[in-house]
Structures are given as C-alpha cells and as structure tokens.
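In: coords please:
(chains A, B, C and D)
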Protein chains: 2
Amino acid sequence: MSKIEITPEQERLARFAKAMGHPTRIAILHFLSQRNECFFGDIHEVLPIAKATVSQHLSELKEAGLIQGTIEPPKVKYCINPDNWSVAKQLFAKMFDDWCPSKKNSCCS
Amino acid sequence: MSKIEITPEQERLARFAKAMGHPTRIAILHFLSQRNECFFGDIHEVLPIAKATVSQHLSELKEAGLIQGTIEPPKVKYCINPDNWSVAKQLFAKMFDDWCPSKKNSCCS
DNA sequence: ATTTATGTTCGCACAATTACGAATAATATT
DNA sequence: AATATTATTCGTAATTGTGCGAACATAAAT
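Out: The predicted structure follows:
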C-alpha cells in the first residue's frame, strides 16, 4: 500500500547499469582494463564505429563515473575510475547477494 | 590494431545492465526480492506510474531474463528468475574483479 | 450469458539514444 | 604564421525508450 521510494543508492545503481547497458561500452571497459595506458585513438582504432560515436560512448561512461579522461595534449588518456569502480562493484554485489532468491523467497521455483 | 570482438558474455552483460538501467526497474527488482509472493497488482500499487507503464517495465525485465511471470488467473505472479539471477551475479562479479584497476593498471591514479 | 477483476496490448506523443560526417578547438611542429 | 595531429562538438537522421489512456483478452463469479 505504501508507495515505493527510490533511494539514492538505487538511483546510482541504475545510473551505472545504464552506462554499462550497451555492448560497445562493455567492450570499451574491457579494453581499458587490459591496458596500462589507453588513448582515445587506441580505442577508436579497435572499434568499427566513427570517432564521434566513440566519443559519445566515452562521455556516457565518464558521466556515469565509470571512467575518467586525462588530457595529455594533443591526446586524451582514458582509464577506469578506480574509486567509482569500487563503489559500483559493491553496489552490484550487495544487490545480487541481498536480493538473491532464497529457499524462503523463491515463489516461482 | 586488431579489431575488438564483442563476446556473447559481453552481450549478455550489456543486456542485463540495460534492463537494470532504470530506477523504476531497480525498484521493482528490490520489491520482488522482499516478497514471497508478488502479483502485478502489488507492484502497480506501490509505483506512481500507470499500469501500462508498469507492464512495459516488467516486460523489459522478463525479456532480459531477470524475472519471470506465472499466470494464476486472473492474476500474474512475478518473481526474480533464480537461474539467470545467478548468471548475472557471476558475470558482474567476474567483470568487477577481473577488470578491477590494479597497481599495475591504474593509469590515471 | 453477463458481469467483474486482472493485466496486456494498442495507439499516440514526446524524449533520449545511437550513429554519421563535417566543423571546430587545442596544441605541437614546421 | 601556417600546418598537422588529436579529439570533441555540432547538426542531422533514424531508432528506441518512456509514459499515458483506451481498448482488448482472459478467466472467474454471478
């Protein structure tokens, strides 16, 4: 009866999830994780899409906080944002653990 | 130089993430996790949106595999899909662990 | 056979996303 | 100063997402 209230944690979870909700962005995150140094050109080079589109995907990941960019003229170095990566990791882990269907709560099993 | 190939695992990860990428859908998942039995009406009752919209969000979650619906005329019972929930849990855990910025790989720290 | 209760689907409107090429900005290099 | 390199932003188009009320489908109850 009482309405649901969406918590800031849930908002953040959704924001992270949304940013990860595209195959190309998942691929970018994976690519970044395999590199010590990663410039925009390196990412664009391995993706079959226009640089403008790559830039948009990087913006989405950056705005969600999952990655960060550092200007090293005339290049831009990208990498995973360690702090927020850790936050996301914990939020998702908590969700998957706490919300896990148990014997008590598996109505459809 | 060699192009990135998006793996089926990455596709699935993105599919799960996309489904979780909306606050209302996160709230629905949380709500389901707190209930033994949960019918459409119960969900609609606690959300400030039209039933048509609730139905759409449930469809999105169901198509991604995160939840399942069982018809119990004239009601429909929803719950988290335990098997796929487990799959998602492992895929995200693997990503957050394996792709975690380490000392060796923290270019921006 | 109607009526009632419960959800889904349809049709519409509007916003957001994804993609591209072209134009722009910023900074080294010549 | 002019040029070259690098990446972002602009403008546009096509697709997808979000939301609503109305209409529909289904099955139980009268």
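In: Can you name the residues that contact the nearest residue to A:Pro82 once chain neighbours are set aside?
Out: The spatially closest residue to A:Pro82, leaving aside those adjacent along the chain, is B:Pro101, at 4.3 Å (Cβ to Cβ, 6 or more residues apart in numbering or on different chains). (C-beta placed from N, C-alpha, C; glycine too.) Applying Cβ atoms under 8 Å, 6 or more residues apart in numbering or on different chains to B:Pro101 gives the contacts A:33, A:79-80, A:82, A:85, B:109.
In: ok, now A:Ile67?
Out: By Cβ under 8 Å, 6+ apart, the neighbours of A:Ile67 are A:28-29, A:32, A:58, A:61, A:78-81.
In: I'd guessed A:Ala64 sits against A:Lys18; true?
Out: Yes. Applying Cβ atoms under 8 Å, one finds A:Ala64 in contact with A:Lys18, separated by 7.0 Å.
In: burial of A:Ile25, as a residue count?
Out: To be clear, residue A:25 is Arg; Ile isn't right here. 23 (other Cβ atoms under 10 Å in any protein chain shown).
In: In a helix, it, correct?
Out: Yes. Under DSSP: H, G, I helix; E, B strand; the rest coil, A:Arg25 sits within a helix.
In: for DNA strand C, what are the nearby residues on chain A?
Out: Residues of chain A found near DNA strand C (Cβ under 7 Å from any atom of the strand) are A:18, A:21-22, A:24, A:48-53, A:56-57, A:60, A:73-74.
In: What about the contacts of B:Pro101, which one has the most neighbours?
Out: A:Ile80 (26 neighbours).
In: does that residue really touch A:Phe31, like I thought?
Out: No. Look at A:Ile80 against A:Phe31 with Cβ under 8 Å: they stay out of range, at 10.4 Å.
In: got the angle for the top helix by length along chain A vs helix B:82-98?
Out: Counting by DSSP state H, the longest helix found in chain A is helix A:82-98. Put simply, helix A:82-98 runs at 160 degrees to helix B:82-98, going by axes from the mean of the first three to the mean of the last three Cα atoms, to 10 degrees.
In: All set, thanks.
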